[in-house]
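Novice: 3D model of this:
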Amino acid sequence: MTPHEILACIELGIYCILVIPVTLCTWHYLWKRQTGWLYLHAFTFAKILGPAIYLSISNQSNPSRDAQMAAQILYQIALGPLLSAALSFVNTSRSTSTSTSSRPEEEPLQLSSSAETARYSPLVQTTKGAPLHGLLRLLHPVVITGLVLGIISGIDRAPDSSGSLDDRKYVSGVSLAKASAALFFLVLVGITLGIVSLWKSRRQLSTVSCYITSCMAAIMPCLFLRVLYSILGASNQPSFLEYRRGNAGKFDVLRGSWVAYFFLGLVPQALVLGAYAGCGVLAWVRERRGKA
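Specialist: Okay, the predicted model is just below:
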């Protein structure tokens with residue numbers, strides 16, 4: 001097996017394990033309108049399908065073009081749902097119900113009738129009416145745009161049914177990959193600003209929101225490494241002639257340096273998902289104990 005195939009096996013094992021707590025958290029917190037878990041669920045399945053498809057075609061002498069393209073795209077665009085999840089955990093979307101979720105090591109936070117609970121947000125009463133609040137709400141379409149550009153980029157840089165490449169489509173695909181990476185970086189900056197704005201008030205948040213916000217000190221560097229890998233991959237694309245000769249570039253997910261992917265892709269993403277899942281499970285256990 002090649003190093004990339006070994007990493008694909010490792011990823012498949014990691015995410016097949018993590019999908020269990022993520023699914024439980026999604027089911028539990030979705031009823032509380034914390035939709036960030038849906039994005040984590042989508043990310044987890046993308047990280048299962050990508051390696052699974054890649055391993056299924058790795059030993060084929062003439063693998064399907066569609067399967068190759070699907071594996072490449074799934075590896076690349078999984079960053080989108082991961083950023084959307086982080087953004088959802090720091091964004092506000094107010095609902096009509098109220099909440100009296102308890103805080104770690106403190107008495108339950110009592111909300112007045114005019115202070116409604118946030119749908120999936122740690123930002124309760126901290127950024128209401130602030131310009132940053134509106135900016136963060138606008139970043140979800142930015143993530144979707146980056147996701148769509150990443151998909152189109154993967155399609156444009158893939159060979160057609162006859163195995164040939166279109167030089168104009170390839171150049172266009174490279175440009176779209178750079179635009180996608182730039183948008184993801186913009187979203188990362190917005191998420192960072194949101195975390196900074198609520199950091200001091202994290203103890204006033206609900207249990208799961210407090211845990212997630214506290215863990216952001218470790219999650220954000222991991223997200224930065226993953227976005228950096230996306231930027232390096234987009235900005236170090238080989239020329240059309242080099243690509244036709246089989247040079248995919250050092251930061252190509254499936255054919256580049258496996259060391260770069262391991263430290264900038266696999267490890268950061270797994271740590272982020274593990275941290276989210278751990279926070280969700282611990283908060284759920286604490287809630288259960290509080291009700292006992």
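
Novice: Helices along this protein, start to end?
Specialist: 3-30, 36-57, 65-77, 79-90, 131-156, 167-198, 207-235, 240-244, 258-261, 267-291 (DSSP state H).

Novice: Please name whichever of those helices is nearest to Phe251.
Specialist: helix 207-235 (3.9 Å; C-beta to C-beta). Placement of C-beta: from N, CA and C, glycine included.

Novice: ok and the closest one relative to helix 131-156, angle-wise?
Specialist: 40 degrees (axes from the mean of the first three to the mean of the last three C-alpha atoms, to 10 degrees).

Novice: Output the contacting helices and strands for helix 207-235.
Specialist: Helices and strands touching helix 207-235, as assessed by 3 or more C-beta pairs under 8 Å, 6 or more residues apart in numbering; DSSP states H and E, comprise helix 79-90, helix 167-198, helix 258-261, helix 267-291.

Novice: Can you point out the buried residues in the second one?
Specialist: Spelled out, that is helix 167-198. Under the neighbour-count criterion of 16 or more other C-beta atoms under 10 Å, helix 167-198 has 169-170, 173-174, 176-181, 183-185, 187-188, 190-192, 194-195, 197-198 buried.

Novice: quick one: average pLDDT of stretch 231-248?
Specialist: Averaging pLDDT along stretch 231-248 gives 84.

Novice: now that stretch: how far from the chain's centre is it?
Specialist: Stretch 231-248 has its average C-alpha position 24 Å from the chain's average C-alpha position, going by C-alpha atoms, centre = their mean, to the nearest Å.

Novice: Which helix or strand in the chain has the lowest average pLDDT?
Specialist: helix 240-244 (a mean of 80; mean pLDDT, DSSP states H and E).

Novice: Which positions within that one qualify as buried?
Specialist: Quick answer for helix 240-244 (16+ other C-beta under 10 Å): Phe240, Tyr243.

Novice: Now do that helix: which elements does it pack against?
Specialist: Packed on helix 240-244, when contacts are counted by 3+ C-beta pairs under 8 Å, 6+ apart, are helix 167-198.

Novice: low-confidence ranges in the protein?
Specialist: Flagging of the chain using pLDDT under 70 yields the residue ranges 92-130, 133, 161-163, 291-292.

Novice: Give me the distance between the spatially most central residue of it and Asn247.
Specialist: Nearest to the mean C-alpha position of the chain, by C-alpha atoms, centre = their mean, lies Leu82 at 1.1 Å. From Leu82 across to Asn247, the span is 28 Å (C-beta to C-beta, to the nearest Å).

Novice: now swap in Cys16 and tell me
Specialist: Separation of Cys16 from Asn247 (C-beta to C-beta): 33 Å.

Novice: Check Gln204 too.
Specialist: 53 Å.

Novice: next one: Ile195
Specialist: Ile195 is 39 Å from Asn247, by C-beta to C-beta.

Novice: Equivalent analysis for Leu38, please.
Specialist: When Leu38 is compared with Asn247 (using C-beta to C-beta), they lie 38 Å apart.

Novice: The two: which is more packed in?
Specialist: The neighbour comparison of Leu38 against Asn247 (other C-beta atoms under 10 Å) goes to Leu38, with 17 against 14.

Novice: Cool, thanks, talk later.
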